[in-house]
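S.K.: here you go, sequence then predicted model.
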Amino acid sequence: MLQVAPSAVRSRLWRPPSATAIADEDLKAKIQVIFDADYRVYGRRKTKTALWREHEISLDKDRIAS
């Protein structure tokens, strides 16, 4: 069992989502649309290129894969 203070858990649960977390949720939706439109066969490199071509968003390949 982890030794975590209950106040730390409550603090984390009630904290609003960060700007990065909100942006990541938006990116997940766009990446999923691209992935589904291309028969779910695109890898990181092609997804990165398609994301730039369709939405002008430049991301690192590793951020797309996570």
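M.R.: Done, it's in.
S.K.: hey, where'd the helices end up in this structure?
M.R.: 6-14, 19-37, 44-55, 61-65 (DSSP state H).
S.K.: buried ones in the second one?
M.R.: The neighbour-count criterion (16 or more other CB atoms under 10 Å) identifies L27, I31, I34, F35 as the buried residues of helix 19-37. (Each C-beta comes from the backbone N, C-alpha and C, glycine too.)
S.K.: cool, the shortest one as well?
M.R.: Within helix 61-65, the residues that qualify as buried are I64, counting by 16+ other CB under 10 Å.
S.K.: can you tell me which helices and strands it packs against?
M.R.: Judged by 3 or more CB pairs under 8 Å, 6 or more residues apart in numbering; DSSP states H and E, the packing partners of helix 61-65 are helix 44-55.
S.K.: angle of the helix it packs on against helix 19-37?
M.R.: 100 degrees (axes from the mean of the first three to the mean of the last three CA atoms, to 10 degrees).
S.K.: export helix 44-55 to CSV, keeping only CA atoms.
M.R.: The C-alpha coordinates for helix 44-55 follow below in CSV (Å, rounded to 0.1, in the frame of the first residue of the first chain):
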residue,chain,number,x,y,z
ARG,A,44,4.0,8.4,-35.9
ARG,A,45,5.8,10.0,-38.8
LYS,A,46,2.8,10.0,-41.2
THR,A,47,0.5,11.2,-38.4
LYS,A,48,2.8,14.1,-37.7
THR,A,49,2.9,15.0,-41.4
ALA,A,50,-0.9,14.8,-41.7
LEU,A,51,-1.4,16.8,-38.6
TRP,A,52,0.7,19.6,-40.0
ARG,A,53,-0.9,19.4,-43.4
GLU,A,54,-4.5,19.4,-42.1
HIS,A,55,-4.3,21.6,-39.0
